[in-house]
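K.L.:
The following comprises the amino acid sequence and a computationally predicted model.
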Amino acid sequence: MSASTTVGYRCPVCRERLAEAPGDFACTNGHRFDRAREGYVNLLPGGRLKGRSSGDDEPMVRARRAVFDAGLYDPIIDAVAETAATLVDDVGPPAVVDCGCGEGSYLARVCDHTGAEGWGIDISKPAVRAAARRYTLQHHAVASSYSLPFDDQCFDIAVSVFSPRPHSEMFRVLRPDGAAIVVRPGPDHLAELKAIIYTAPRRHGDVADQDDAEGWPKAVSTRAVTFEVDLAEPVLRTALLEMTPFWWSATDAQRAEVADQVLRVTADMRIAVFRSQA
């Protein structure tokens with residue numbers, strides 16, 4: 001992999017390169033975007049993405065941070081970082097973009113393992129704010145995975161963990177020898193929670209079938225990461241449920257049942273690596 005191209009944001013309005021100043025970013029056409037005091041920049045046109053969800057809210061971000069800080073998801077966070085490390089050569093520090101970085105834990109761990117320059121984007125302002133506050137060595141912006149605010153072919157690795165994964169846009173920003181790391185749920189992911197919330201819970205489909213349906217090329221490698229999540233602390237049982245979409249489907253009674261009775265759950269995930277087609 002090569003690190004010869006300098007990464008920088010491009011304007012979401014006219015797609016010209018944004019020049020960075022102490023308090024803002026601006027392009028030659030006069031479009032200007034203020035830097036938040038936490039260090040991130042909002043690059044959604046008009047400050048929001050019309051017609052789509054604004055992503056994780058504050059309680060969901062706090063719940064995910066609590067679960068990650070407790071180390072409950074360390075096996076998958078470490079596995080993603082280790083996968084990225086296998087894709088890095090000795091030419092120089094790689095450039096990595098996390099397309100849906102959330103509160104920043106996955107990107108920060110990848111950068112720790114690889115020495116990469118990290119760029120994280122997410123549609124959720126609360127998530128990006130949390131990421132920028134804690135992980136000050138990485139760059140963070142509020143932006144959409146469907147319109148990444150970067151030039152073509154500027155990243156060595158693109159990461160997507162349980163996030164929207166538009167393959168054409170991810171491959172657009174990858175260098176010709178770049179790679180995409182995509183993490184999705186396996187068939188038994190959080191089965192214990194689903195059994196409480198849904199009358200007839202369905203298992204997640206095979207990830208290869210998902211690839212075909214979404215137009216992705218064949219993965220060059222796929223790795224299963226399965227582990228038990230110990231939920232001895234009741235507060236973490238609620239946090240785990242709240243960080244997932246299951247929270248919105250659960251009744252108050254079901255939420256209480258999870259908090260009272262679920263002592264462990266199965267985390268079942270798949271890491272797939274795809275090579276750039278450029």
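P.N.:
Nice, thanks for sending it over.

K.L.:
show me where pLDDT drops low in the stretch 51-200 of the chain?
P.N.:
Counting by pLDDT under 70, the stretch 51-200 of the chain contains low-confidence ranges at 51-53, 90-91.

K.L.:
Apply 90 and report the result again.
P.N.:
Applying pLDDT under 90 to the stretch 51-200 of the chain flags residues 51-55, 88-93, 164-167, 177, 199-200.

K.L.:
quick one: the strands in it?
P.N.:
95-99, 117-122, 139-142, 155-161, 174-185 (DSSP state E, counting those that start in this stretch).

K.L.:
Could you measure from the residue nearest to residue 242 when sequence neighbours are not counted over to residue 54?
P.N.:
Leaving out its chain neighbours, the residue that sits closest to residue 242 by CB to CB, 6 or more residues apart in numbering is residue 63, at 3.9 Å. C-betas here are computed from N, CA, C, even on glycine. Going from residue 63 to residue 54 by CB to CB, to the nearest Å gives 17 Å.

K.L.:
try residue 115
P.N.:
As judged by CB to CB, residue 115 and residue 54 stand 33 Å apart.

K.L.:
and stretch 32-51, which residues are buried?
P.N.:
Under the neighbour-count criterion of 16 or more other CB atoms under 10 Å, stretch 32-51 has 33, 35-36, 39-44, 49 buried.

K.L.:
er, stretch 163-172 actually
P.N.:
163, 165-167, 169-172.

K.L.:
Quick one: neighbours of the residue nearest to residue 242, just the number.
P.N.:
Look at residue 63: counted by other CB atoms under 10 Å, it has 22 neighbours.

K.L.:
So it sits against residue 239, correct?
P.N.:
Yes: look at residue 63 against residue 239 with CB atoms under 8 Å: they come within range, at 4.2 Å.

K.L.:
can you count the residues close to the closest residue to residue 107 other than its chain neighbours?
P.N.:
Computed as CB to CB, 6+ apart, the closest residue to residue 107 that is not its neighbour in sequence is residue 98, at 4.0 Å. Neighbour count of residue 98, defined by other CB under 10 Å: 30.
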